[in-house]
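Colleague: sequence plus predicted model, see below.
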2 protein chains.
Amino acid sequence: MHGPLIKYINDYATTPLTGSEVELIKNTFVPKRIRKKQYFLQEGEVCKYFAFIVKGAMRQYSVDDKGAEHIVQLSIENWWAVDRESFVMLTPSVYNIDAWEDTEALLTTRADILNLYNQIPALVEMARKMDEKHSIANQRRLNASISFPAEKRYSDFANCYPEFLQRFPQHIIASYLGITKETLSRIRKQMLKK
Amino acid sequence: MHGPLIKYINDYATTPLTGSEVELIKNTFVPKRIRKKQYFLQEGEVCKYFAFIVKGAMRQYSVDDKGAEHIVQLSIENWWAVDRESFVMLTPSVYNIDAWEDTEALLTTRADILNLYNQIPALVEMARKMDEKHSIANQRRLNASISFPAEKRYSDFANCYPEFLQRFPQHIIASYLGITKETLSRIRKQMLKK
């Protein structure tokens, strides 16, 4: 089950993991099945685990005063699920993370990952590059959310993450983009006409 | 002039920088004055430098088809100015970065910073923690932009970054928050009444 994670780390690292490093990772990341609709994190809890998704799909969202869900992150295979703020600062999370499909994940705690950073240089390298990528993607999304019309936000999303359109329904995609599902439906119809 | 940067790195690091590490940093980060309204980066250029702001204020923004500016980032003393995507991927930037006030910055190139990472563990630690903090702040901002009403976005911003309200005018703050300046003006009047 750890194969995809080992491959993921090696894809980022300049020098591949040694045999003993692979063993260390296998002993540190604990497999966990999360059934569809089951929570990985609920609002108000501290996010104790960082999850690497081996199979399945998860969503992270906040719920506003009126009970509406706002999707902040969608994750599928080879993505991570975590509320970074709560995980790092040990503060109660303002988010929920649940499984949108039956999910198999590999979990680690903050103490364990910090311990691994001290022992495995490739993991530090991966974390740095992953954060860099994440930071770039977030900046794009922020820029899109404050400056692009809904049409462009949707078409950029569809180009960048075509697989997400297959895995998540329209109302989830609309929420991720910060638009209503009616607007998304209108945009999709217009795009089909073109 | 390097004092604030050395302090910044030491504040993040578990072990303070050694004398030779400090020298290495001083030799790598080059002082640069950027006059008010002068560009640090123009759309279409590759962002060659990562800037640590010692004094002054900068803004990063995109310009849409209609010529409207959209602020994606504001930076003052002890912040960084860079288009991360362009800097890391060497792609032409879609942003402009200019000085909002006369600015004194310390600049480094990608090659130089990667070289420093190999020599100064405290710098790697700082980069990791800074990315973590950045990732958390970005997630908050994203969540705010898709799920909070304009009033809450403004009050959160005012609480988190009170100094920014003194340094940047209302139309810049409004653009950063993705709202019109008329909306911001209305919100501020309502908040004063309370």
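Modeller: That came in fine, so what should we check first? What you are looking at is a predicted structure, and each value in this text was computed from that prediction instead of being measured.
Colleague: what's the first-to-last distance across stretch A:67-78?
Modeller: 30 Å (CA to CA, to the nearest Å).
Colleague: that one near chain B anywhere?
Modeller: Yes. If you take CB under 8 Å from any CB of the partner chain as the test, stretch A:67-78 does meet chain B, through A:68, A:70-73. For the C-beta atoms, the positions are set from N, CA and C on the backbone; glycine is no exception.
Colleague: what's that stretch in contact with?
Modeller: A:4, A:8, A:52-64, A:81, A:95, A:100, A:163-164, A:167-168, A:172, A:175-176, A:178, B:139, B:142-143, B:146-147 (CB atoms under 8 Å, 6 or more residues apart in numbering or on different chains).
Colleague: so which of the residues of stretch A:67-78 next to chain B is surrounded by the most neighbours?
Modeller: Comparing the residues of stretch A:67-78 next to chain B on neighbour count, residue A:72 comes out first with 25 neighbours (neighbours: other CB atoms under 10 Å in any protein chain shown).
Colleague: give me the three-state assignment for it.
Modeller: Secondary structure state of residue A:72, per DSSP: H, G, I helix; E, B strand; the rest coil, is strand.
Colleague: show me the beta-bridge partners of residue A:49.
Modeller: Beta bridges link residue A:49 to residue A:109 when assigned by DSSP bridges.
Colleague: neighbours around it, how many?
Modeller: Neighbours of residue A:49 using other CB under 10 Å come to 21.
Colleague: report the angle between the longest helix along chain A and helix B:121-147.
Modeller: For chain A, the longest helix by residue count, based on DSSP state H, is helix A:121-147. Inter-element angle recorded for helix A:121-147 and helix B:121-147: 30 degrees (by axes from the mean of the first three to the mean of the last three CA atoms, to 10 degrees).
Colleague: name the helices or strands packed onto helix A:121-147?
Modeller: Counting contacts by 3 or more CB pairs under 8 Å, 6 or more residues apart in numbering or on different chains; DSSP states H and E, helix A:121-147 is packed against helix A:3-12, helix A:110-119, helix A:150-160, strand B:69-75, helix B:84-89, helix B:121-147, helix B:170-177.
Colleague: so which of the ones you listed comes closest to residue B:29?
Modeller: helix B:121-147 (10.9 Å; CB to CB).
Colleague: list the buried ones in the lowest-mean-pLDDT helix or strand in chain A?
Modeller: Using mean pLDDT, DSSP states H and E, the weakest-scoring helix or strand in chain A turns out to be helix A:121-147, at a mean of 85. By 16 or more other CB atoms under 10 Å in any protein chain shown, the buried positions in helix A:121-147 come out as A:122-128, A:130-132, A:134-136, A:138-147.
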